[in-house]
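> Quick one: sequence and predicted model below, then my questions.
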Amino acid sequence: MTEFQKYIQRYLDLIPSENWLEELKNSGAQTSEIYEKLSEEHSNFAYAEEKWTLKELLQHLIDAERIFIYRALRFSRNDQTELAGWDEELYAKEYFLNDVSLKTLLEEFDFLRKSNVLFFGNLKEEILSREGVANGNEISVETIGKLIVGHNIHHLNIIKERYLPNLILN
């Protein structure tokens, strides 16, 4: 197993059932449920220095999902152009979220997730199995969908373990 395959597998192992499309819906709903309970003040909380705030983490989920879905779209249309990687830390330095409300950010996440559920739900098995190269690694459209789910669950676990225990929510 390559390092890339190990990296991907750690996310895929988090998916609780074989029905990853349903889990895409579920993980989105769980994320929204948590963020709907947060105040604007809570959204600026980071559990440690040099860690993202909850708001930055939500923006990271949005950015990652947009990048992953772009890759899935390209590969699903049989585009064999090799796609570049991305650096999440460089992206995070450009968030500038002071003027963006948590409500607006959550609305963006919800719309994005609903759109992506429809996108993947409309793909036939033969299209889901199509592959392309991103960041120097071959990956299928279906695996990208599963990666979105596992990545979301990974961050949900971090939120539950490291953020929420330090917040008093009403």
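Sure thing, it's come through.

> Tell me where the longest helix sits in the chain.
helix 54-76 (DSSP state H).

> So which residues of this protein form strands?
Counting by DSSP state E, the chain has these strands, from start to end: 131-134, 137-140.

> And the contacts of the first one?
Residues lying outside strand 131-134 but in contact with it, judged by Cβ atoms under 8 Å, 6 or more residues apart in numbering, are 71, 74-75, 79-85, 138-141. Using the backbone N, CA and C atoms, a C-beta is placed for each residue, glycine as well.

> rerun at 6 Å
Contacts of strand 131-134 with the rest of the structure, by Cβ atoms under 6 Å, 6 or more residues apart in numbering, involve 71, 75, 82-83, 138, 140.

> Check the last one too.
In this structure, residues lying in contact with strand 137-140 by Cβ under 6 Å, 6+ apart are 4, 129, 131.

> which of the residues in it are buried?
139-140 (16 or more other Cβ atoms under 10 Å).

> thinking again about what came up before, could you list every helix and strand in contact with the longest helix of the chain?
Judged by 3 or more Cβ pairs under 6 Å, 6 or more residues apart in numbering; DSSP states H and E, helix 54-76 is in contact with helix 102-121, helix 141-158.

> Can you tell me which of those is nearest to residue 30?
helix 141-158 (5.8 Å; Cβ to Cβ).

> Remind me what that closest one packs against, helices and strands.
Where contact means 3+ Cβ pairs under 6 Å, 6+ apart, helix 141-158 is packed against helix 3-12, helix 20-36, helix 54-76.

> just to revisit the earlier point, and the contacts of strand 137-140 as JSON lines, adding distance to residue 66 and pLDDT?
Output for the contacts of strand 137-140, formatted as JSON lines (distance: Cβ to Cβ, whole Å; pLDDT from 0 to 100):
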{"residue": "4", "distance to residue 66": "21", "pLDDT": "84"}
{"residue": "129", "distance to residue 66": "23", "pLDDT": "98"}
{"residue": "131", "distance to residue 66": "20", "pLDDT": "97"}
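
> that older thread, now mean pLDDT too, for the helices and strands packed on helix 54-76, in JSON lines please.
Below are the helices and strands packed on helix 54-76 laid out as JSON lines (pLDDT from 0 to 100):
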{"stretch": "helix 102-121", "mean pLDDT": "98"}
{"stretch": "helix 141-158", "mean pLDDT": "98"}
